[in-house]
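Student: Quick one: sequence plus predicted model below, questions after.
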Protein chains: 2
Amino acid sequence: MSINDLKWNADEKKVARAAFDKAYQREMEEIQNTLFDKVAKLKNDKEVWSIYNYLTKRKNNVDNKYDYRYSQLIIVFGKLMKEGYLREEDISGLSEEKIEFIKKVSSI
Amino acid sequence: MSINDLKWNADEKKVARAAFDKAYQREMEEIQNTLFDKVAKLKNDKEVWSIYNYLTKRKNNVDNKYDYRYSQLIIVFGKLMKEGYLREEDISGLSEEKIEFIKKVSSI
């Protein structure tokens, strides 16, 4: 079975939505904390653009990554797990098969 | 005489360069202070993107505006004076004609 053939039942959809939102929240908190840190360390006004560059990079990455389509979700969750924003307990409730696929993607 | 026919002598070029840099510095300081203010007032992590949007707008504006070509300088200085980043004392040393053109642009 390939990841494209996976079916998501109602309970799994609930788990997936909550896990997705939780990962997003964790990543946004991290971005916010890094922003606080960078702003506190600003040495001169030209470094303002280094903060702009940082936020641009994170914004593009977040916009591309958080794609809630069931056809993409295994890949999305795998990436998020690799990056540490998604934890194994968040996806408990998904089928074992899905969890295995997600772990496999996260290990790439 | 139109602004395209203006000639800039060596002393005026020095004045212009210093005025340009001073205006840039004032604007960057203002951006930095507004950034500090916005970050201090952040209520939740989703507002991080409002800071990104703010910096994007300022970055694009600054990149477009600070054009140090003598053919553009009267217009640039006029805008900067209108916005408060350039002051009349900064351009003292330019010919009266140039100063009048700059003030005219700033009043538009």
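Tutor: Right, received. Where do you want to start? Numbering: from 1, shown residues only, chains lettered A, B, ... in the order given.

Student: For the most centrally placed residue in chain A, what are phi and psi?
Tutor: Nearest residue to the geometric centre of chain A (CA atoms, centre = their mean): residue A:80, 3.8 Å. The phi and psi values for residue A:80, taken as degrees, to the nearest 10, are phi -70, psi -30.

Student: Repeat that for the one 4 residues further on.
Tutor: Dihedral angles phi and psi of residue A:84 (degrees, to the nearest 10) take the values phi 90, psi 0.

Student: just to revisit the earlier point, what about the residue nearest to the centre of chain A, distance to residue B:75?
Tutor: 49 Å (CB to CB, to the nearest Å). In short, each C-beta sits where N, CA and C put it, glycine included.

Student: quick revisit: double-check the residue nearest to the centre of chain A against residue A:23; I have them as touching.
Tutor: Yes: with contacts counted by CB atoms under 8 Å, residue A:80 reaches residue A:23, the gap being 4.5 Å.

Student: can you tell me which residues contact residue A:95?
Tutor: A:6, A:12 (CB atoms under 8 Å, 6 or more residues apart in numbering or on different chains).

Student: meant to ask about residue A:80, not that
Tutor: A:23, A:27, A:65, A:86.

Student: what does the model give the residue nearest to the centre of chain A for pLDDT?
Tutor: According to the prediction, residue A:80 has pLDDT 98.

Student: which stretches of chain A have low pLDDT?
Tutor: Scanning chain A for pLDDT under 70 picks out A:1.

Student: and it, which of its residues are near chain B?
Tutor: A:25, A:28-29, A:31-32, A:35-36, A:39, A:42, A:45-46, A:48-49, A:51-52, A:55-56, A:59 (CB under 8 Å from any CB of the partner chain).

Student: Which members of those residues occur in helices, if any?
Tutor: In helices, judged by DSSP state H, the following of these are found: A:25, A:28-29, A:31-32, A:35-36, A:39, A:48-49, A:51-52, A:55-56, A:59.

Student: Let me know the outermost residue of chain A.
Tutor: residue A:44 (32.6 Å).

Student: Overlap in contacts, residue A:80 and residue A:23.
Tutor: Common neighbours of residue A:80 and residue A:23 (CB under 8 Å, 6+ apart) are residue A:86.

Student: hmm, which of the residues of chain A next to chain B are the buried ones?
Tutor: A:28, A:31-32, A:35, A:39, A:45, A:48-49, A:51-52, A:55, A:59 (16 or more other CB atoms under 10 Å in any protein chain shown).

Student: Identify the farthest-apart pair in those residues.
Tutor: For these, with distances taken as CB to CB, the pair at the greatest spread is A:28 and A:45 (26.3 Å).

Student: wait, isn't residue A:87 in contact with residue A:81?
Tutor: Yes: with contact defined as CB under 8 Å, residue A:87 counts as touching residue A:81 (7.4 Å).

Student: higher neighbour count, these two?
Tutor: Each of residue A:87 and residue A:81 has its neighbours counted (other CB atoms under 10 Å in any protein chain shown); residue A:81 has more, 22 against 14.

Student: what's the nearest residue to that one if we skip its chain neighbours?
Tutor: residue A:106 (3.8 Å; CB to CB, 6 or more residues apart in numbering or on different chains).

Student: Any idea how many residues pack against that neighbour?
Tutor: Applying other CB under 10 Å, I find that residue A:106 has 18 neighbouring residues.
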